[in-house]
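Student: fold the following and give me the result.
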Amino acid sequence: FGNPLSSHAQNKIDLNEIIIESSEHKTAREKEKNALEDIVFLSRTEVRHVGSRGAGEILKRLPGIIVQGPPMAYRNAKINGLDKEYQSIMIDGHRPAGGEDRRDFKLDRLPANLLGGVEVIYNPSVVYGGSAPAGIINLISLDVHEKRVLGGDFAMDYSDTHSGFYPEGSLYYGNNINDLGFLLYFGRSGYTRNDNLRLMDSDTGISGLQEEVSIVSLSTALARIAYKVNENNRLKLKVFWSDQDQQEDILANVKRRTSGGLSVRQDSSGETASLRLLMTELSHELNLAKWKGLTKIAYDWSWMDKEKNRLREKDPDWEISREAEGQQLHLLSSRSDWSSIPFHTGEIQHRLKTGASWSMNSRDFNRMAYLKISDHKFWDEVENGSYNLAENFFAGYLLDEIELGGHVISPGLRIENHHRNYSTAEANGNTN
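Tutor: So this is what the prediction gives:
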């Protein structure tokens with residue numbers, strides 16, 4: 001008897017692998033793959049999956065990024081551990097006006113719900129210049145959708161450090177009618193945090209307890225309008241507003257070494273700060289037969305008001321100090337970037353990129369510091385740290401992406417010119 005199965009044909013079925021991937025995730029991976037620089041790009045879906053309150057909490061999860069600040073207030077970021085003057089923090093490819101120390105943008109002024117993506121460039125090319133050798137953090141805000149969109153987020157945080165519930169939320173709506181699209185966004189958040197710090201230094205004998213209470217509120221708004229003139233021309237208008245208020249109270253009872261030994265000294269301070277930021281931008285996208293260009297004109301206005309009062313116990317009396325800071329900045333800038341379609345010279349493929357940028361800003365910074373002993377009628381010390389600064393900047397670049405045999409070489413040239421005029425309470429001058 002033969003094998004009963006031998007008379008039956010055996011069919012083999014091969015199933016092709018099917019990968020389901022969102023368009024946002026696919027776009028993010030394509031940007032990382034095709035970029036000349038070493039970049040990490042997070043789509044809006046990936047940003048939302050993190051479930052963070054602010055941009056700082058998102059960045060701390062990325063390689064090479066170090067964020068600083070207490071929980072709920074990650075304000076500063078460093079790329080590869082280098083100081084902040086070696087990097088740039090941008091919003092939609094534009095470095096915003098204002099900032100505080102070292103004129104950098106604080107990450108807690110931009111909520112995560114407003115982000116459409118996050119891009120970190122670790123080795124910027126001549127397109128970005130030499131002012132940020134450590135890298136660039138580009139925070140991308142929400143853009144106009146192709147279809148109608150309505151969304152909202154609401155959260156209720158509970159803090160056991162400072163008992164209470166802290167609501168926060170955002171709402172956005174957008175639509176696209178024929179060739180005109182728009183997006184409107186508004187968000188508000190806030191919190192109160194209480195930190196108790198135990199101080200100890202065995203070398204100096206200093207010890208004690210310090211209590212800090214921080215109250216922060218943030219309101220943000222965004223409006224975008226996009227108009228498709230024709231197949232080759234698109235116009236976009238963006239208006240962004242950030243309004244932040246901060247209050248911090250510190251009370252410390254510290255044992256310090258004095259001439260008579262160790263004694264407990266009280267040190268208390270209170271600080272309030274208000275920060276406002278307005279960003280406006282008009283952009284024009286033009287597609288030609290062999291070139292694609294993007295031109296932007298932007299105006300930013302930044303305002304800050306800060307006051308700090310301190311009462312410190314010293315021998316034999318109390319010491320009172322006061323610091324008052326005010327800042328107002330106007331920034332006008334324009335930028336035009338162009339890239340060609342790939343073309344060949346023999347077996348070598350080229351893609352040219354060229355562009356130019358210009359900016360002019362005016363900064364008015366006022367700072368006064370006062371110090372006196374409590375029973376003195378007038379201030380013992382007065383320090384004026386105010387200054388005025390006017391800057392003009394111009395840059396142009398040319399880059400050639402050469403591809404040969406699977407390898408990419410990108411020779412480039414960039415020319416920059418800076419001119420500054422400054423004046424302080426004691427001197428004035430200019431630099432080039």
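Student: now do the strands in the stretch 151-300 of the chain.
Tutor: Ranges of strands in the stretch 151-300 of the chain, per DSSP state E, counting those that start in this stretch, are 164-177, 180-201, 206-230, 233-258, 261-287, 291-313.
Student: state the mean pLDDT of the third one.
Tutor: Read that as strand 206-230. Averaging pLDDT along strand 206-230 gives 89.
Student: now mean neighbour count and distance to Ala324 too, for the strands of the stretch 151-300 of the chain, in TSV please.
Tutor: Where you see a C-beta, it was placed from the backbone N, CA and C, and this is true even at glycine. Converted to TSV, those look like this (neighbours: other C-beta atoms under 10 Å; distance: least, C-beta to C-beta, whole Å):
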stretch	mean neighbour count	distance to Ala324
strand 164-177	15	29
strand 180-201	16	25
strand 206-230	17	20
strand 233-258	16	15
strand 261-287	16	11
strand 291-313	17	5
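Student: now tabulate those in JSON lines and tack on distance to Trp379.
Tutor: As requested, the strands of the stretch 151-300 of the chain are exported to JSON lines (distance: least, C-beta to C-beta, whole Å):
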{"stretch": "strand 164-177", "distance to Trp379": "39"}
{"stretch": "strand 180-201", "distance to Trp379": "29"}
{"stretch": "strand 206-230", "distance to Trp379": "27"}
{"stretch": "strand 233-258", "distance to Trp379": "22"}
{"stretch": "strand 261-287", "distance to Trp379": "17"}
{"stretch": "strand 291-313", "distance to Trp379": "13"}
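Student: for the ones you listed, which one sits closest to Pro342?
Tutor: Between Pro342 and the strands of the stretch 151-300 of the chain, the tightest spacing by C-beta to C-beta is seen for strand 291-313, at 11.9 Å.
Student: roughly how far is the closest one from the heart of the chain?
Tutor: In terms of C-alpha atoms, centre = their mean, to the nearest Å, the centre of strand 291-313 is found 11 Å from the chain centre.
Student: that strand - contacts with which helices or strands?
Tutor: Where contact means 3 or more C-beta pairs under 8 Å, 6 or more residues apart in numbering; DSSP states H and E, strand 291-313 is packed against strand 261-287, strand 318-340.
Student: CA atoms of it as PDB?
Tutor: Taking C-alpha atoms only, strand 291-313 is exported to PDB below (Å, rounded to 0.1, in the frame of the first residue of the first chain):
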ATOM      1  CA  TRP A 291      14.000  75.000  -6.500                       C
ATOM      2  CA  LYS A 292      11.900  75.100  -3.400                       C
ATOM      3  CA  GLY A 293      12.100  78.100  -1.100                       C
ATOM      4  CA  LEU A 294      10.700  79.200   2.300                       C
ATOM      5  CA  THR A 295      10.900  82.800   3.400                       C
ATOM      6  CA  LYS A 296       9.900  84.100   6.800                       C
ATOM      7  CA  ILE A 297       9.500  87.500   8.400                       C
ATOM      8  CA  ALA A 298       9.100  87.600  12.200                       C
ATOM      9  CA  TYR A 299       8.500  90.100  15.000                       C
ATOM     10  CA  ASP A 300       8.900  89.200  18.700                       C
ATOM     11  CA  TRP A 301       8.300  91.200  21.800                       C
ATOM     12  CA  SER A 302       9.400  90.000  25.300                       C
ATOM     13  CA  TRP A 303       8.800  91.600  28.600                       C
ATOM     14  CA  MET A 304       9.900  90.600  32.100                       C
ATOM     15  CA  ASP A 305       9.400  92.100  35.600                       C
ATOM     16  CA  LYS A 306      11.100  90.600  38.600                       C
ATOM     17  CA  GLU A 307      11.500  91.600  42.200                       C
ATOM     18  CA  LYS A 308      13.200  89.900  45.100                       C
ATOM     19  CA  ASN A 309      13.200  90.900  48.800                       C
ATOM     20  CA  ARG A 310      15.500  89.300  51.400                       C
ATOM     21  CA  LEU A 311      15.700  89.500  55.200                       C
ATOM     22  CA  ARG A 312      18.800  87.900  56.700                       C
ATOM     23  CA  GLU A 313      19.800  87.800  60.400                       C
END
